[in-house]
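K.L.:
Here you go, sequence then predicted model.
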Amino acid sequence: MSHTVTFRGPRNRTVVSCTALVVALGAGVTACGSGGHPLSAKPYDAAAQISFNAPAGDGRRADPDKPLEITAEDSDGRITDVTAKDAAGRYVAGELSADGGRWHSTSPLAAGARYTVRVSTEDEDGAPGRKVLSFDTSTPTTKKRLNVKFGPDTGKYGVGQPVTAELSTPVKDKAARAVVERALKVDSQPAAEGAWHWVDDRTLHYRPKEYWPAHATIRAYSNLSGIKVAERLWGGRAKPLKLTTGDRVEAVTDAAAHSMTVYKNGEVINEIPVTTGKPGFDTRNGVKVVLGKEYFVRMRGTSIGIAEGSADSYDLPVYYATRVTWSGEYVHAAPWSAGSQGSANVSHGCTGMSMGNAEWFFDTVRPGDIVKVVNSYGDTMDPFGNGFGDWNLTWKKWRNGSALVGGTPEGPPPEARAKLRPESV
């Protein structure tokens with residue numbers, strides 16, 4: 001059974017934009033809206049009949065597992081443009097064939113959603129027409145939802161702070177990961193090129209190619225709700241996140257020179273004599289990000305496997321402790337090593353300085369600020385699992401951790417990550 005999409009125009013002529021627009025959506029649709037006009041000063045008085053593959057008004061809904069397809073069945077007419085979006089404002093990506101005979105969706109539809117589709121057409125004489133269609137999609141019977149929790153908490157951070165996304169259910173399949181990744185959005189003002197990286201089956205990190213701009217506003221949100229991710233797994237809701245950045249603050253410690261230089265927006269604001277890890281306890285090289293600040297921490301050698309009573313044993317009250325790893329590396333006050341600060345490395349891995357300098361540093365930095373160590377004999381900071389070492393990956397390697405670009409490397413499982421505990425002095 002065929003139907004004709006007929007536009008009645010000026011001078012009582014009939015323009016056939018396309019003989020039929022067939023919307024293929026599996027089970028069918030609940031309703032269609034009529035109306036259309038060409039892109040001219042005086043719109044056509046349009047009247048049309050649209051045929052679906054299910055009888056109109058039968059109460060059935062479109063299957064979100066099936067692609068949306070619109071076809072011009074008359075060889076004399078063609079489709080020139082199609083836009084489809086749901087009530088939440090999410091657009092459906094699609095492709096139009098070169099001859100204008102067929103448009104089909106290339107991104108999944110959401111379940112339990114209302115869609116509006118606008119189809120622009122053109123007849124053999126170039127006369128334009130337009131049609132607006134509406135349909136509903138069915139709700140999946142499965143109860144399994146993939147929820148997303150963005151991090152960190154809303155607030156103000158340094159320019160090195162990554163955005164994190166924790167998934168409620170593991171996602172291993174690359175195609176499923178691609179669905180998730182396309183739906184997780186991060187925008188910043190000023191704009192900054194960035195990408196997601198899969199840390200493990202449940203965790204993604206997002207960072208820009210370079211650090212975030214100073215005084216930027218960053219928003220993370222999810223379009224995953226109602227989208228099919230995998231068999232019997234559908235996207236759930238996620239609370240959006242808003243972050244802002246402050247000044248660009250970078251602390252660079254040269255372990256060989258026993259000195260820390262602190263920059264603010266590219267200008268040196270302080271140079272501090274320090275001591276870093278001694279042989280066997282060398283401070284990690286590379287970029288770390290401030291995780292938090294603790295005015296007082298009791299640090300014990302036993303927490304890092306040093307036998308109580310041995311020559312390296314310690315049990316000390318530590319003040320103005322700025323944490324840079326989950327395993328317990330800090331920048332902190334170390335008055336007991338005052339004679340070595342600026343001249344020797346005598347700590348068990350932390351960066352030590354005078355009480356006054358540690359207080360200044362504590363008051364100057366915020367979570368997300370950058371702490372970088374160079375010229376140490378220590379290993380390089382791990383990218384994941386012990387804080388935010390994300391910046392130690394090149395941009396190419398970072399992008400390769402995206403399901404939309406490269407591979408999907410597996411990071412350490414959550415249960416294997418370093419626990420929050422004091423480590424070194």
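P.N.:
Perfect, thanks for sending it.
K.L.:
From now on I want contacts and neighbour counts done on CA atoms only, so please keep to that.
P.N.:
OK.
K.L.:
Check which helix or strand A176 maps to.
P.N.:
Using DSSP states H and E, A176 sits within helix 174-183.
K.L.:
Against which helices or strands is that helix packed?
P.N.:
Where contact means 3 or more Cα pairs under 8 Å, 6 or more residues apart in numbering; DSSP states H and E, helix 174-183 is packed against strand 228-230.
K.L.:
Mind listing residues that contact the helix holding A176?
P.N.:
V171, W196, S222, N223, L224, V229, A230, S402, A403, L404, T408 (Cα atoms under 8 Å, 6 or more residues apart in numbering).
K.L.:
Which one (most neighbours) among these?
P.N.:
Within the contacts of helix 174-183, most neighbours by other Cα atoms under 10 Å means W196, with 27 neighbours.
K.L.:
show me the contacts for that one.
P.N.:
Listed by Cα under 8 Å, 6+ apart, the contact set of W196 reads E181, L204, H205, Y206, R207, R399, G401, S402.
K.L.:
Mind doing that once more with 6 Å?
P.N.:
H205, Y206, S402 (Cα atoms under 6 Å, 6 or more residues apart in numbering).
K.L.:
Give me the neighbour count for the second one.
P.N.:
Which is Y206. 22.
K.L.:
Need the pLDDT of G309.
P.N.:
Predicted confidence (pLDDT) for G309: 73.
K.L.:
Assign it to helix, strand or coil.
P.N.:
Three-state assignment for G309 (DSSP: H, G, I helix; E, B strand; the rest coil): coil.
K.L.:
And the residue nearest to L109 when sequence neighbours are not counted, how far from K131?
P.N.:
Distances taken as Cα to Cα, 6 or more residues apart in numbering place P64 nearest to L109, at 5.1 Å, with adjacent residues excluded. With distances taken as Cα to Cα, to the nearest Å, P64 is found 22 Å from K131.
K.L.:
now do T380
P.N.:
60 Å.
K.L.:
higher neighbour count, these two?
P.N.:
K131 (24 against 17).
K.L.:
partners of the regular element (helix or strand) spanning that one, with directions?
P.N.:
Per DSSP H and E, K131 falls inside strand 128-136. Sheet partners assigned to strand 128-136 using DSSP bridges are listed as strand 114-122 (antiparallel).
K.L.:
In contact with V274: list those residues for me.
P.N.:
By Cα under 6 Å, 6+ apart, the neighbours of V274 are H258, S259, Q341, G342, G352, M353.
K.L.:
Tally up the residues packed near T325, please.
P.N.:
By other Cα under 10 Å, the residues close to T325 number 27.
K.L.:
cool, the one 10 residues further on as well?
P.N.:
Residues within reach of P335, counting by other Cα under 10 Å, total 16.
K.L.:
Give me the phi and psi for the closest residue in space to it that isn't next to it in sequence.
P.N.:
In space, P335 comes closest to S354 once its chain neighbours are excluded; the distance is 5.5 Å by Cα to Cα, 6+ apart. Per-residue torsions, S354: phi -70, psi 160 (degrees, to the nearest 10).
K.L.:
who's in contact with S354?
P.N.:
By Cα under 6 Å, 6+ apart, S354 lies in contact with A333, A334, P335.
K.L.:
let's see it at 7 Å
P.N.:
A333, A334, P335, A338 (Cα atoms under 7 Å, 6 or more residues apart in numbering).
K.L.:
Of the residues you listed, which is the most crowded?
P.N.:
Within the contacts of S354, neighbour counts (other Cα under 10 Å) peak at A333, which reaches 28 neighbours.
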